[in-house]
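Colleague: Just a sequence and a predicted model for now, questions to come.
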Amino acid sequence: MGRMLAIAGYPLNHKFGFLGKNDAPSALLGQIFSGNKGIDDLVDFADVITYESENTDVEIVKQISKKTTVYPSAKSLFITQHRGREKTLFKQLGIPCVPYKMVSSQQDLIKAVSEIGLPAILKTATEGYDGKGQFLLHNKSQIGAAWKSMNGALSILESFIDFKRELSLIAVRDTDNNHKYYPLVENTHHNGILRLTIAPAPAISPKVQKTAERYMQTLLDEMKHIGVLTIELFETENGLIANEMAPRVHNSGHWSINSANTSQFENHIRAISNMPLGDTSATNNFSAMINIIGEIGNIDAVLKMPNAHLHLYDKTERTGRKLGHINITANSKQEIDDSIKQLQEFLPNDD
């Protein structure tokens, strides 16, 4: 994410530094700060600091904030890195979310299952992502194994709900409380990892878009969030149900690099550096994003397609690792569907 933020920010005449290792994907895009004095040196270098993961240490962000500006703030980070705190905020603001119970022991889990019912999903309260730290319970005989898989970490049991599809909304708020919203997008996951995004989500009514934006505005304003914020949602027969948030640019917004007037990355940089926010309108009737997972594969097939755009992250191949993505632009849903079929080798088999 840091790499793509820098790529978007250099045309705006910004300079970038990164806290990390010399072989990080962003290493060639700015100064690298590492070692025992890495954070102090970064603070001395920077006018404003942002982060690319909600797993960032809140205490470090608080300490940095005493010396230089950090966006989003520690409050946003504190809430969004903990599923229990997220759900509490959803309920406080009247945003529908799934029934849940916090659990800290196997006995807690037994009680939570009796109250919520099965099937249900047990997740670690913090740090789980891309399907990690999750266990789907179908029957009570799995309770012991489910709790063991959490390794004693504070967890959350969420009721499993029927939904039509998974959606996400990306928005950005600046220091003057201006808000911009991207179109709702449709996401398809495999083994907990996002594999395909369609933007805008097909057949979304203006009413549903406005509902999602209303939820998002209350979250942005309550947290006084500066920068990009993402909310993942379930579309159900009874409306939108909030799943979780991310206080950062998001995988489901990568399509915006090639198919929005201003990408999520550029708008995040604009927001945190006191620049006017850019237009978030889609520039194509439809677009898609395919994640490249585990191995890079036949990229020549991508480069031969006139409406496909390849983005690689300079990462080594590893099972389950996000190595890059492919953006597809199109004028019709049929064109998007046909293009996705041409790139089927980059998507998981249904077998």
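Modeller: Alright, I've got the coordinates. Quantities reported herein were computed from a predicted structural model and do not represent experimental measurements.
Colleague: So in terms of bridging, what pairs with V228?
Modeller: V172 (DSSP bridges).
Colleague: That one: neighbour count?
Modeller: Other residues within reach of V228, judged by other CB atoms under 10 Å, total 28. Bear in mind the C-beta positions are built from the backbone N, C-alpha and C, glycine included.
Colleague: That one is in contact with L169, isn't it?
Modeller: No. Look at V228 against L169 with CB atoms under 8 Å: they stay out of range, at 11.0 Å.
Colleague: which residue is nearest the middle of the chain?
Modeller: Nearest to the mean C-alpha position of the chain, counting by CA atoms, centre = their mean, stands H250 at 3.4 Å.
Colleague: What sits closest to that residue if chain neighbours are left out?
Modeller: T230 (3.8 Å; CB to CB, 6 or more residues apart in numbering).
Colleague: The one you found - that's part of a helix, no?
Modeller: No. Using DSSP: H, G, I helix; E, B strand; the rest coil, the secondary structure at T230 is strand, not a helix.
Colleague: wait, what's in contact with it?
Modeller: Shown in contact with T230 (CB atoms under 8 Å, 6 or more residues apart in numbering): S168, L169, I170, A171, M245, A246, R248, V249, H250, S252, G253.
Colleague: Likewise for L137?
Modeller: By CB under 8 Å, 6+ apart, the contact set of L137 is V113, L118, P119, A120, I121, L122, I143, A146, L157.
Colleague: List buried residues within those.
Modeller: Taking 16 or more other CB atoms under 10 Å as the criterion, what is buried in these is V113, L118, A120, I121, L122, I143, A146, L157.
Colleague: ok so, going back, switch the contacts of T230 over to JSON lines; also include pLDDT.
Modeller: What follows is these, written out as JSON lines (pLDDT from 0 to 100):
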{"residue": "S168", "pLDDT": "98"}
{"residue": "L169", "pLDDT": "98"}
{"residue": "I170", "pLDDT": "98"}
{"residue": "A171", "pLDDT": "98"}
{"residue": "M245", "pLDDT": "97"}
{"residue": "A246", "pLDDT": "97"}
{"residue": "R248", "pLDDT": "97"}
{"residue": "V249", "pLDDT": "98"}
{"residue": "H250", "pLDDT": "98"}
{"residue": "S252", "pLDDT": "98"}
{"residue": "G253", "pLDDT": "98"}
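Colleague: And those, which is closest to L42?
Modeller: R248 (17.5 Å; CB to CB).
Colleague: Much appreciated, bye for now.
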